[in-house]
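> Here's a sequence, model it:
(2 chains)
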Amino acid sequence: MAAGDGTGEYGTTGEPAAGGDGAQTGDAARTGDTTQAGDSESGRRGGWRPGRGRATRADRTQADLESMSPPDPRYMLEVRDLRVHFPTDDGLVKAVDGISFRLERGRTLGIVGESGSGKSVTSLAIMGMHHGGSAKLGGQIYLDGEELVGADPARVRRLRGSKMAMIFQDPLSALHPYYTVGHQIAEAYLVHNKVSKKAAKAHAVEMLDRVGIPNPQARVDDYPHQFSGGMRQRTMIAMALSCDPELLIADEPTTALDVTVQAQILDLISSLQQEFGSAVIMITHDLGVVAELADDILVMYAGRTTEYGTSEDIFDRPAHPYAWGLLSSMPRLDRARIKRLVPIPGTPPSLINVPSGCPFHPRCAYAARTNGKSESEVPPLRSVGLGHEAACHLSADEQREIWAELVKTRLSPAVRSREDA
Amino acid sequence: MVTFIVRRLIAAVFLLIIVSMVIFAIFFWLPRLGGQTSYGLATQYVGRNPTRTAVLQVEHQLGLNQPLWVQYWHYLRAIFIGEHYSSGPSSVYCPPPCFGYSFRSQQPVWPQMMAALPVTLSLAIGASIIWLISGITIGVISALKRGTIFDRLSMGVALAGVSLPIFFTGLISLELFSYKWPIFPNVQFVPFSQNPLLWARNLVLPWVTLAFLYAALYARLTRSGMLETMNEDYIRTARAKGLQERTVITKHALRAALTPILTIFGMDIGLLIGGAILTEVTFSLHGLGLFTIEAVNNQDFPEIMGVVMLTAFFVVIANLVVDILYAVVDPRVRL
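Below you'll find the predicted structure:
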């Protein structure tokens, strides 16, 4: 429908139905936009700006007006109100629903969340790898000032692997079983550089050496199955870094690895980051991974941001009950021994039928304190400190109080049961 | 690599020996289990109105009254060093490889099969080239354009191709292109060495008919294989490198998707060289398939045994070649 009224395939397609002029019943499910109460209303009034490759919304909220401003040159990556929706037979899957963040050169952002919270979808959107699929993208992604969501896919392809690169989890399945590791690294180099195959192979040997593969001259002709798990992930890193990318996205780079190897890989990534000066996005469900590496942390839940702040903010003064839950369920060696880890009850929600109001409220022990607001209203992301934002209906005072008195001190099951009573 | 091939060759020889035992048991041991006597077996070789002396003579000549293992030994010996058969007053020498002597056609089996082989070989190889190219191409395009008109249409045609029997499609093609519009009149085998052009022209209809069936099957296989590999993590990695989509598809996806097809192709081509029965019957091509049908109709045991052994040989060889190719294609198989 969005394509039909000339908004182009990369329009702000969060609300395909709203594009139709004079649509009278813009029910939230159909317009696919439930974040802001007044949004679909104004969407109907304002309509879509026709023509041009990329449609932009003409009016409305503060955030939208902000998104019109040019990208800040300080940031290597700026993501504004990113939406990735997948139309399926069962309904619209809102995998990512309005995510914004910024990343400076040489800094590391940790994106944390449970499975299905939209972390990987976000990273693939930045890499422009939803093109050709069924995904509908909205919002803006600025890579070094260049907008990617509405850009020509061929242009994004040329940036992919050269200016931005990605490391995937499970390096065994992410490497092609039929080609040597040297071939696969050289291939990444050859696409973006006009060099001979021989030079590309020499470069592959050099990259293998840099990521710490012993005897790279000989190992370059090995196949992935001849490598150990840690060496495979080193190969993936060598491949990603072969064109000196300015942005490196690591999608759960240590999940499939042995615990002893995990730390080595993380060390490698951070030392190479210093060497290359890249901006790094570290995607993980493991707070332990980002604790040491990340400068900033974005906590995602059901495709939205629940909390965004510096690493200190998230670990020392978390404001959102979801972050409390993640911290309580995380084993830590640097704190006094706690009796038991507290899991977050329940499971992540369906992304087709996201719970009304705050998507976390069915699993939140403190939802009752908001007088029903959690069930009915989507909490906006608001500032709870300098550069620290959280999407929660609890007041900043309540958040500080609960964290200090109930969560931080105890971190035991008693907290939750007392709350329920 | 060499040890791998040698080991597989030895295994292939053993497999063929076991096949020969099974065939032998079916034709000589099973009838005895069913109450058939060696006299009764011999009766079948004597023709109409057998006299008792004639039957006893044949029983003795063929060694049917000897123990089974002796008979099996003679059968094997004939293959390697040949055998003398007495037919009526004169004695006939069947040179190695002797797969028996047909008393009905008064000829050794092997030369008959060798005369039929070029026909089947021409048919199978020509058709397989057509079906591989068309089937894989259609399968890949279908997978990439999944859900489009092209995909639905080609998969519909493929379903028809799999479902329609050759004696139907073959007769339709004969009716249309040989009789109504005689583009390929007079389908008849001409040896390649004699006239390559006529050889090809006369085989076009059988090739296309046979290829249609297999192309349909291969298109479906390729399509599902491609859909599966396109979801693999390494395809995502290839895209993340910034490779052109064309490179991602041909170099990364298709290569992985083709390996299972290679396996099935080995089976198919081996069986087909052993006789494309329906196609040969439909187009009256005197290949191994028609030879088999005639042998079965005549209850000509030596001929049936010969053609079954030959087919088994081709299947084993084709699989051996496929296994070696597999090791070349997939480095994880390298031994």
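> who in the stretch 151-300 of chain A is up against chain B?
Proximity of the stretch 151-300 of chain A to chain B, by Cβ under 8 Å from any Cβ of the partner chain, involves residues A:157-162, A:165-166, A:168, A:170, A:173-178, A:180, A:184, A:187-188, A:191-192, A:223, A:225, A:236, A:239-240. Heads up, the C-betas are built off the backbone N, CA and C, glycines and all.
> again, 6 Å this time
Listed as neighbours of chain B in the stretch 151-300 of chain A under the rule Cβ under 6 Å from any Cβ of the partner chain: A:157, A:160-161, A:166, A:173-178, A:188, A:191, A:223, A:225.
> Spatially, which residue comes closest to residue 326, not counting chain neighbours?
No chain specified, so I'll use chain A. Setting aside the residues directly before and after it, A:L326 is nearest to A:L287 in space (Cβ to Cβ, 6 or more residues apart in numbering or on different chains), at 5.6 Å.
> other chain: chain B
What sits nearest to B:Y326 in space, not counting adjacent residues and going by Cβ to Cβ, 6+ apart, is B:V333, at 5.3 Å.
> B:L325 is in contact with that neighbour, correct?
No - taking Cβ atoms under 6 Å as the definition, B:V333 is not a contact partner of B:L325, at 9.8 Å.
> residues near the residue of the stretch 251-400 of chain A found nearest chain B, how many?
Nearest residue of the stretch 251-400 of chain A to chain B: A:D251, at 9.8 Å (Cβ to the nearest Cβ). Using other Cβ atoms under 10 Å in any protein chain shown, A:D251 has 24 other residues around it.
> how about the closest residue to it other than its chain neighbours, secondary structure?
Distances taken as Cβ to Cβ, 6+ apart place A:I283 nearest to A:D251, at 4.7 Å, with adjacent residues excluded. Judged by DSSP: H, G, I helix; E, B strand; the rest coil, the three-state class of A:I283 is strand.
> Next, count neighbours for A:I283.
For A:I283, the count of nearby residues is 26 (other Cβ under 10 Å).
> Identify the residues contacting it.
Going by Cβ atoms under 6 Å, 6 or more residues apart in numbering or on different chains, A:I283 touches A:I111, A:K119, A:S123, A:D251, A:E252.
> Apart from its chain neighbours, what residue comes closest to the last one?
Okay, so that is A:E252. Once flanking residues are discounted, A:E252 sits nearest to A:Q169: 3.9 Å by Cβ to Cβ, 6+ apart.
> what about that neighbour, neighbour count?
Quick note: A:Q169 (other Cβ under 10 Å) scores 20 neighbours.
> And the one 3 residues further on, by the same measure?
Summarising burial for A:L172: neighbours were counted as other Cβ under 10 Å, giving 15.
> ok, it - contacts?
Per Cβ under 6 Å, 6+ apart, neighbours of A:L172: A:R232.
> Please repeat the previous calculation with a cut-off of 10 Å.
Listed by Cβ atoms under 10 Å, 6 or more residues apart in numbering or on different chains, the contact set of A:L172 reads A:P224, A:H225, A:F227, A:G229, A:R232, A:Q233, A:A256, B:D233, B:Y234.
> Pull the distance from the helix or strand containing it to the chain's centre.
Using DSSP states H and E, A:L172 falls within helix A:171-174. Here helix A:171-174 is found 21 Å from its chain centre; the criterion is Cα atoms, centre = their mean, to the nearest Å.
> in that helix, what counts as buried?
Across helix A:171-174, burial judged by 16 or more other Cβ atoms under 10 Å in any protein chain shown covers A:P171, A:S173, A:A174.
> Can you give me the pLDDT of the closest residue to chain A within chain B?
In chain B, the residue found nearest to chain A is B:G242; the distance is 3.2 Å by Cβ to the nearest Cβ. B:G242 is assigned a predicted lDDT (pLDDT) of 92.
> Surely it forms part of a strand?
No - applying three-state DSSP, one finds B:G242 to be coil, outside a strand.
> what residues are up against the residue of the stretch 51-200 of chain A found nearest chain B?
Of all residues in the stretch 51-200 of chain A, A:G161 sits closest to chain B, at 3.2 Å by Cβ to the nearest Cβ. A:G161 is in contact with A:127, A:187-189, A:191-192, A:239-240, A:242-243, A:245, B:237-243, counting by Cβ under 10 Å, 6+ apart.
> can you check B:S163 too?
Shown in contact with B:S163 (Cβ under 10 Å, 6+ apart): B:L213, B:A216.
> That one and B:F27, how far apart?
According to Cβ to Cβ, to the nearest Å, B:S163 and B:F27 sit 35 Å apart.
> Keep only those of the residues of the stretch 151-300 of chain A next to chain B that are in strands.
Residues of these located in strands (DSSP state E): A:M166.
> Can you turn the buried subset of the residues of the stretch 151-300 of chain A next to chain B into a selection I can paste into ChimeraX?
In ChimeraX, this line selects whichever of those come out buried by 16+ other Cβ under 10 Å:
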select /A:157,160,161,166,173,174,175,176,178,188,191,223
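> any chance of the residues of the stretch 151-300 of chain A next to chain B in TSV, with pLDDT too?
TSV is the format used below for those (pLDDT from 0 to 100):
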residue	pLDDT
A:R157	93
A:R160	93
A:G161	91
A:M166	94
A:S173	92
A:A174	93
A:L175	94
A:H176	94
A:P177	93
A:Y178	93
A:A188	92
A:V191	93
A:Y223	94
A:H225	92
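> just the buried members of the contacts of A:I283?
For the contacts of A:I283, buried by 16+ other Cβ under 10 Å: A:I111, A:K119, A:S123, A:D251, A:E252.
> circling back to that earlier point, is the residue of the stretch 251-400 of chain A closest to chain B in contact with A:S120, as I believe?
Yes - A:D251 is within contact range of A:S120, at 5.5 Å (criterion: Cβ atoms under 10 Å).
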